[in-house]
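Novice: this one's sequence-less:
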């Protein structure tokens, strides 16, 4: 009697989980809840750094920066599948830190770094030094291989030029991994923070006030030749970065969706209008139920993306489905969260707005639902 | 304070109406209501011919077949704008006759017929002889210039071959206007019913049980050279036919949408469940309201299409918008009509099914909403 | 229950089942087979499906895990799961006697008496005794708790008066699971309901076939006029009716697995939609080249995959910690609405040929998609409408207040 | 009323107005101007808009059709319609004093006393007296009829206690149209409501600014603590409050035209969305080359055009015979929901740049689209939420029963 659409499932992979994943999920659930109550989230909005260094240190001490880093480099030796549930809980509590960008930076190094580069930077990242990515450019295109910034050979090293946007947590970063073209080919390059003049970073005004992001002007920054990652693996690395980012975003977004729904349900259960709890009105009750159905679908996709991550073919499909369905679910849930809070929903004090802005932010980075569906169309048909 | 989006309106034309249009609308409203009560509609479903010849004669006597035919050819000399409100009321009452197909056939003659062809056939159509169109082929493509049927010169005339589908009311027709290719070019050809052997017509099983449609096998049918419409105007004529058909369909569909909504509202006002009128439940009340909003939008588009019909550029945009939005509105309203009638909605006795089937039929002929949107994308951007 | 089998035992069983279904699964019978047990329209279909169910049963692949003494196979449930999986793999026809083996059977196995088990189970499995369900009434389609069909005790019998509707196979069934009112005095409307395993062939019980939206037959209205049934037909006690009925609805809503095996609904052929789009033409090109169509298709594929994944996940405790019943209770809603939307969408693929209906020789796939769409309403309406499903999720999963 | 002008008179007037607005419509002031009167956040914006309204008024293009004795222009309404059309053509800033000239003004002209007209109208028109509205309360956002702010008669005064919220321009206004409760004894909650033209600068009236979803300011919460206002502020009689408030809501819901002219909301720049898509890149190509985006854009263009046509049609009696009020009552719902969807959609066009917000130098159109989307909720919530609009249409147009 079950409806399994087995024919499709055969193509698209199934679901499973590891013990470690569940353990990390349980720890992350209480950690994020305890460390990131909503009043703290709001306090950090006004803070220049945007996160609490003490909490960041605890995250480092928990070893979470090394989850998907091999033991040889000081990591735990698990995989992105085990990182996802942590990102989910962070998204749920709007706990902002450089966690995601550090994790992705480590994956970039693993994908295209040589022994020396990995040997130097991975342990430092695991130990809590911030690394971030500078991939996006003013053209706004989501294609990561659309790169206009350049690195030109000059003496022993390279001189960079161009502008990078949405370099998250760059101010605190020890390392920025940027994409540039070298003689027409896209390459990744390691830029140490010390090489970046203070004036090259401009804090951006972004839609998600809980996060921090910077514009980085590369013009005139010089790096040694050893700062370039492997030429042959740069293309693959960008693909890896895109998928790893999308996975962590999907996880964060699922968490945020859950909170947007929970927060709204709480209001529907307590707010009265016309003498009734507003949760009795099907005009609110049914859409929030639809939002919940959308959330559970997105979460299944996200868990599948975590489980299948790295699987040739299936992995990419699963990740893109996860990001696309998380965008749809989060946008809808947060949009309705604003609406269903009525006048209060339209104030800055209402948390619905935090979720709505977070959803827009995530959609804008590494592709929105429409973008990933277009990619899926090519993969599926 | 009004929200007019004037910048767009400037491009897309506005709305107006003629006295004659309103008069015809008023007459058609009571005529169709009186002549086509729903039990009669159901009785005619079982009838081979599918319509009441006496009602057909009354329609002829009212002069409706000649509305958009010039006075010189025995018509009234008005335009398609005045035909639309009649089609709307017919659609509203599911009053099936060859009215639409005769009207379009006359337009086809006007678009590409010579004096002799028009002089012979237009008065006969105005007088109630049935004319129909044979344009569609087994490939299923909505492009009317995708024609595989052929006419080959042979002696004084042409021998036809190929298969035409969805030739509505062909059994009763004195004239069939078919599209064929002659030496690679698409042409329209007049086929008198007497030239069609009985075995060449097969009644089709179509989704809308209130209508009649036939498959026509052209193989071996011979026509004189004088049966070909003007070569130079055939392309234009097909365009005209497409738009005129879409306009009348949009009108019929608006009428059907209105009925689907009214019929459902009636049920919501009288049916009780859990001790309440089901119309009190917002889960039903709000979607039917959305259906109504969609209906009024579609009707505005349809009235604009009627008003702007024949205007270069604006006319085609208005007609395609009308058909696309009528499809959306009718499909949604009828789909919800079935659902909201609950168990009864799933029976053949519930009129919701008649509307749902009618909506599918209309979507299938001359393009559905997606098809017309694609055409609009080319016209607008 | 039988002891847990070894992997080797299961593998051997699967090989046997595979061979059997490969050999015995019927090919195209030359007429259209129903997609669900609710669309059995003709005698030909009915007899074909009875024969198939009996054949599967006799081969041991239905009721494999039910006790031998009642007609089952006495095996561990894992065997039946394998048999059902293989049955699906070969895409065989549905098991006809859905209300029997899917609702009444599990119920009787759960809470039935020894006599009831002996009397009913085997006949269900071999499709000799077809079962139907009598819950809905003309005036109370959604509001089952308000059922008004009267059952009045008279000595060793109950006298039934009233009407039931939307009874699939009602004209062919031997038994009905029947929700009837034995009292109006309870503290609420539910307290007066009782549950019967009622014969259908009794004086005073008549059925009238109902033509469906699709044009087919498949369910009936049942009229009870002073119909007398034995008092032994009462299941449990008077007043237990609502609780018992809710148990069976849980089976239907997918919140519990059924125990006898088999399936009663054909899966939607999702890849068939893709194939349809590939084969359809638009402007001389395959429709699947159209990015707009592809985009919507991707959306559907995501939706279908999400439901697959949900179905896997709902059995994985750690992955459903926050709202353990959520996935189970949304399954019916999400699945049936998706099918409605997808089948509706599929009609647009067919261009002009979307105008044909079932049995026209030119209809695409003999009208499968049109029929599937129209039939989809049986599932968005029957067994609790989608609107009611949303209430259930809102109230039981999200804890929202019940509307007044 | 002045006599109907000739076509020549109107043409001459239009030429004059055209010349005036061409000359005087302000260019980009160097800071962001609010799109509606609900988003006046800074002093700079406020002063700029006051000056602009006064200038328009003094040139004779606002209140042109209101009587000369109260400060108007004394012309036939056709002149004002032309002036407003030309104002729109040059896309000038909004008229700031919306509650004054759009709500309170028409109301006073309709049912106000001679004294009220003399006292209030001119100051509204020249923006010297800013007005605000006090209907909603913290506990009764949608349920206006349940307003609890108390007004107790004490000699020649009323004593006010309670709170109003979502009061646009509340911190800058001189007057408030105020719905207050003068009695709890009526047959229903509505009967105890009264309507006041209340001063805002009185002891015991305090305001607190509320930060909006967009990050801007623009409305306040008002606290009334033993605030005393003259009994002459009462409009009509005690108990008339609900009927009078409903009149003003009709103006807002677009069911009536306002008489003073001007506009208070900037139109959405629909063609701007198209332009945005044309300029945005995706995979190195203009986004408007993407068929999927185009398809959705077509849908929006159809929707916008439908609302245009609805607005024309609602005044054409023969074309709205069946449900004469339908188009008027759906206008607010359809328009505000369309804008919410379209502005949300427009963010997706911007690719990575969708991450920027207002005031970032790299934000597309300085964040116009993001702000418009977030602001769109003010319209889907304020003035009766979309959910309530659907109730209104269902009940008043379709005749569906009121929910209990």
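Specialist: All right, it came through fine. The structure displayed is predicted, hence computed values, not measured ones.
Novice: hang on, isn't residue C:227 packed against residue C:200?
Specialist: No: using CB atoms under 8 Å, residue C:227 makes no contact with residue C:200, being 9.7 Å away. For every residue, glycine as well, the C-beta is placed using N, CA and C.
Novice: show me the contact partners of stretch A:152-160.
Specialist: Applying CB atoms under 8 Å, 6 or more residues apart in numbering or on different chains, the contact partners of stretch A:152-160 are A:149-151, A:161, A:178, A:180, A:182, A:189, A:191, A:218-225, A:227-228.
Novice: list only buried entries from the residues you listed.
Specialist: Buried members of those, scored by 16 or more other CB atoms under 10 Å in any protein chain shown, are A:149-151, A:178, A:180, A:182, A:189, A:191, A:218, A:221, A:223, A:227-228.
Novice: save those as CSV, and put in pLDDT too.
Specialist: Converted to CSV, the buried ones among the contacts of stretch A:152-160 look like this (pLDDT from 0 to 100):
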residue, pLDDT
A:149, 98
A:150, 98
A:151, 98
A:178, 98
A:180, 98
A:182, 97
A:189, 98
A:191, 98
A:218, 98
A:221, 97
A:223, 97
A:227, 97
A:228, 97
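Novice: and those as a markdown table, adding secondary structure?
Specialist: Shown next, in a markdown table, are the buried ones among the contacts of stretch A:152-160 (DSSP: H, G, I helix; E, B strand; the rest coil):
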| residue | secondary structure |
| --- | --- |
| A:149 | coil |
| A:150 | strand |
| A:151 | strand |
| A:178 | strand |
| A:180 | strand |
| A:182 | strand |
| A:189 | strand |
| A:191 | strand |
| A:218 | coil |
| A:221 | coil |
| A:223 | strand |
| A:227 | helix |
| A:228 | strand |
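Novice: in chain C, which ranges drop under the pLDDT threshold?
Specialist: C:1-2, C:252-259, C:269 (pLDDT under 70).
Novice: got the domain ranges for it?
Specialist: Chain C is divided into the following domains under automatic domain parsing: C:7-129, C:132-252, C:270-397.
Novice: still on that earlier bit, which of the buried ones among the contacts of stretch A:152-160 sits closest to chain B?
Specialist: Ranked by distance to chain B (CB to the nearest CB), the buried ones among the contacts of stretch A:152-160 are led by residue A:149 at 31.9 Å.
Novice: for whichever residue of the stretch 1-150 of chain C sits closest to chain D, phi and psi?
Specialist: Residue nearest to chain D within the stretch 1-150 of chain C: residue C:143 (16.3 Å; CB to the nearest CB). When read as degrees, to the nearest 10, the backbone of residue C:143 gives phi -90, psi 70.
Novice: and the closest residue to residue A:100 other than its chain neighbours, how many neighbours?
Specialist: Closest residue in space to residue A:100, ignoring its immediate chain neighbours: residue A:248 at 4.8 Å, by CB to CB, 6 or more residues apart in numbering or on different chains. Using other CB atoms under 10 Å in any protein chain shown, residue A:248 has 29 neighbouring residues.
Novice: where does the stretch 251-381 of chain A have low pLDDT?
Specialist: In the stretch 251-381 of chain A, no residues with pLDDT under 70.
Novice: which residues touch stretch A:179-196?
Specialist: A:108, A:112, A:117, A:121, A:134-135, A:144-145, A:147-153, A:158, A:160, A:162, A:170, A:173-178, A:216, A:218, A:221-223, A:227-229, A:231, A:234-235, A:237-238.
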